[in-house]
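>>> Sequence and predicted structure below; questions after.
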Amino acid sequence: MADKLSGFDCGGPAVVVTRGALVESEHCVCYAVADVDGHLIESRGDIDRLVYLRSSAKPLIATAVVASGAADHFGFSPKEIALAAASHSGEPEHVETALRMLRACGLDEAALQCGAHAPVHEPSAEALAATGQRPRAIHNNCSGKHAGILALAVHRGADPSGYLAPDHPAQVEILDVSAELLGVPRESLSIGVDGCGIPVIAAPLRVVATFFARMSEPERFFPRLALSLRRVTSAMTEHPYMIAGTNRFDTELMRVAQGDVAAKGGAEGYHASAALRRGLGMTAKVADGNYRAIAPVVINRWSALGVLDQQMVDALAAYATPALRNHAGRVIGEIKVL
């Protein structure tokens, strides 16, 4: 395993950004594709070093919420379960759904400690600004996840005010469930602080790819958590708009794949997805953290492996080879896989 402070060994650039006839920038990407038994189908770079999952851990967190009984106790719908696994765009439906989740467990948005940022969806951000309102925590892309964690805390009778701490009962339960799903000892999880304040776990790309593959057969691998994980996976694929939003890659990938792919990206160029009918999982990490390299790599590899057919790839063309435009809207380059 690489030293914690060593650079990523990704085997050279995988994605280039062109301007005219020249390559202007390049991105190195490590990735792993595994089957349900943990066998590598293909990989690139160092897939055994610890890498933070960032928001790609949200399906694991949502599974812990469902498994605790909190989702049923507070009557969460599949859309609300999906939002607990989401990095949403702050569109009105996302905000209203997060508010419903908080109200269901007797809280309001003042309970959120994720911090505030403007909606990712620009029209929603503009509409909010036009009313003279400042962004609030409910607009944070992680507010659904935080609402789910708060529901878990309230359901367990724990003080919700301390829910960000790694030793809070809700976080202890989430970390235990995450270790169980990843098939690693709890003490092996390296823990940092995510952008929204909660504990964030790190694990090798190979390990996380295997977990995402096993989302296709939860009963075989996670008897105690199988039903909960299946509910989270179904919520994600049935409500892809809740997972991200308008013109967002994860939403469009799941919509185009028609229930076959469950996808969840994270910050700093991390992405994980499951090809459910094939029983495959893929994780990818852009070495320089630039997320623009993710969609081309994910589409390229799922296409090569037969998960996405040509019609699906064509429908995702804007993500597979994004055009680079200047401020006048003229195409002057593209982002593409080597």
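Yes, it's here. Numbering: from 1, shown residues only.

>>> Show me where the stretch 1-150 of the chain has its strands.
Using DSSP state E, counting those that start in this stretch, the strands assigned to the stretch 1-150 of the chain run over residues 13-19, 22-35, 40-44, 50-52.

>>> Return the set of buried residues in the third one.
Applying a neighbour-count criterion of 16 or more other C-beta atoms under 10 Å, the buried positions in strand 40-44 are Ile41, Ser43, Arg44. Yep, even glycine has a C-beta here, placed from its N, CA and C like the rest.

>>> Quick one: distance of it to the chain centre.
Relative to the chain's own centre, strand 40-44 is displaced by 21 Å; criterion: C-alpha atoms, centre = their mean, to the nearest Å.

>>> Convert the C-alpha atoms of that strand to PDB, please.
C-alpha atoms of strand 40-44 as PDB (Å, rounded to 0.1, in the frame of the first residue of the first chain):
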ATOM      1  CA  LEU A  40     -10.800  -7.700 -10.500                       C
ATOM      2  CA  ILE A  41     -12.200  -7.400 -14.000                       C
ATOM      3  CA  GLU A  42      -9.900  -4.500 -14.900                       C
ATOM      4  CA  SER A  43      -8.000  -1.700 -13.100                       C
ATOM      5  CA  ARG A  44      -5.700   1.200 -13.600                       C
END
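
>>> how much does that strand deviate in direction from strand 22-35?
160 degrees (axes from the mean of the first three to the mean of the last three C-alpha atoms, to 10 degrees).

>>> which residues are in contact with strand 40-44?
10-11, 14, 29-35, 47, 205-206, 280, 301, 305 (C-beta atoms under 8 Å, 6 or more residues apart in numbering).

>>> From those, list the buried ones, please.
10, 14, 29-35, 47, 205-206, 280, 301.

>>> which among these gets closest to Ala323?
For the buried ones among the contacts of strand 40-44, the residue nearest Ala323 by C-beta to C-beta is Ala14; the value is 19.0 Å.

>>> Spatially, what comes nearest to that closest one if we skip its sequence neighbours?
Distances taken as C-beta to C-beta, 6 or more residues apart in numbering put Val29 closest to Ala14, at 4.1 Å, once the chain neighbours are dropped.

>>> got the contact list for the one you found?
With C-beta under 8 Å, 6+ apart, Val29 has these contacts: 10, 14-15, 44-45, 269, 284-287, 293-294, 297.

>>> Please name the bridge partners of it.
Val286 (DSSP bridges).

>>> What spatial separation is found between it and Ile294?
Here the criterion is C-beta to C-beta, to the nearest Å. By it, Val29 lies 8 Å from Ile294.

>>> Could you pull out the residues contacting both of those two?
By C-beta under 8 Å, 6+ apart, Val29 and Ile294 have these common neighbours: Gly269, Ala284, Val286.

>>> Quick one: neighbours of the last one, just the number.
Spelled out, it's Val286. Per other C-beta atoms under 10 Å, the neighbour tally for Val286 reads 24.

>>> next one: the second one
Close neighbours of Ala284, defined as other C-beta under 10 Å, add up to 28.

>>> relative to strand 13-19, how tilted is the helix or strand hosting it?
Here Ala284, judged by DSSP states H and E, is contained in strand 280-286. Relative orientation of strand 280-286 with respect to strand 13-19: 60 degrees, computed using the same axes, to 10 degrees.

>>> Can you spell out which helices and strands pack onto strand 280-286?
The contact analysis (3 or more C-beta pairs under 8 Å, 6 or more residues apart in numbering; DSSP states H and E) places strand 280-286 against strand 22-35, helix 205-214, strand 270-275, helix 294-304.
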